[in-house]
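*Asks:* everything below, folded, please.
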Amino acid sequence: MSRSWIVGSLISLSLICAGSLVFHSASADDEPKPAAKAKSVDQELRAFMRKKLEASTKILEGLALEDVDLIQEGATTLAEMSEAEKWRVSKDVMYRQFSGEFARTARQLVDAAKDKNVDRAALRWMDTTMSCIECHRFVRNELVVEQP
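*Replies:* Reported below is the predicted structural model:
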């Protein structure tokens, strides 16, 4: 597997994830919120997810530049965020499984960066990104649909 293929795949996956987040944010704005509290919580979650996207951008930049410090910085942020209470938006069993998988792959990404292994970091980034995409898909298609 060539390095340029890995970088190209990472860029594609990141763009898909970013587009998914932006699309979800734009479509969620169209729906009226029943209470100011719900709107405030929604805004907090969006800011939290935006921080996740910023950390993801650092990882992608680090991979493209082979800068393991930048990879580690972004991956550490993701791993820490995945442990935060704000992360736990649902008690659903599938959501918890997706969330646990994301946290595990983010920690593996941190380890790869600490070991200065850019190729392993690239593969762990692909795992982390796919975990993110699958969870967002689940939340949009399953959890959001189930809400009254």
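*Asks:* check which residues of the longest helix anywhere in the chain are buried.
*Replies:* What stands out as the longest helix in the chain, according to DSSP state H, is helix 36-65. Across helix 36-65, burial judged by 16 or more other CB atoms under 10 Å covers 49, 52, 55-56, 58-60, 62-63. All C-beta spots, glycine's among them, are computed from the backbone N, C-alpha and C.
*Asks:* packing partners for that helix?
*Replies:* Helix 36-65 is packed against helix 3-29, helix 68-82, helix 118-138, with contacts defined by 3 or more CB pairs under 8 Å, 6 or more residues apart in numbering; DSSP states H and E.
*Asks:* first to last residue in stretch 77-89, what's the distance?
*Replies:* End-to-end distance for stretch 77-89, by CA to CA, to the nearest Å: 18 Å.
*Asks:* so what's residue 52 closest to, chain neighbours aside?
*Replies:* residue 81 (5.8 Å; CB to CB, 6 or more residues apart in numbering).
*Asks:* what's the local residue count around that neighbour?
*Replies:* For residue 81, the neighbour count with other CB atoms under 10 Å is 18.
*Asks:* which residues sit in contact with it?
*Replies:* Going by CB atoms under 8 Å, 6 or more residues apart in numbering, residue 81 touches 48, 51-52, 55, 87.
*Asks:* also residue 61?
*Replies:* Residue 61 makes contacts with 67, 70, as judged by CB under 8 Å, 6+ apart.
*Asks:* 6 Å - rerun?
*Replies:* Residues in contact with residue 61 (CB atoms under 6 Å, 6 or more residues apart in numbering) are residue 70.
*Asks:* and residue 113, by the same measure?
*Replies:* Residue 113 makes contacts with 68, 71-72, 75, 121, as judged by CB under 6 Å, 6+ apart.
*Asks:* now the angle from the longest helix of the chain to helix 118-138?
*Replies:* Interaxial angle, helix 36-65 versus helix 118-138 (axes from the mean of the first three to the mean of the last three CA atoms, to 10 degrees): 150 degrees.
*Asks:* no further queries at this time; thank you.
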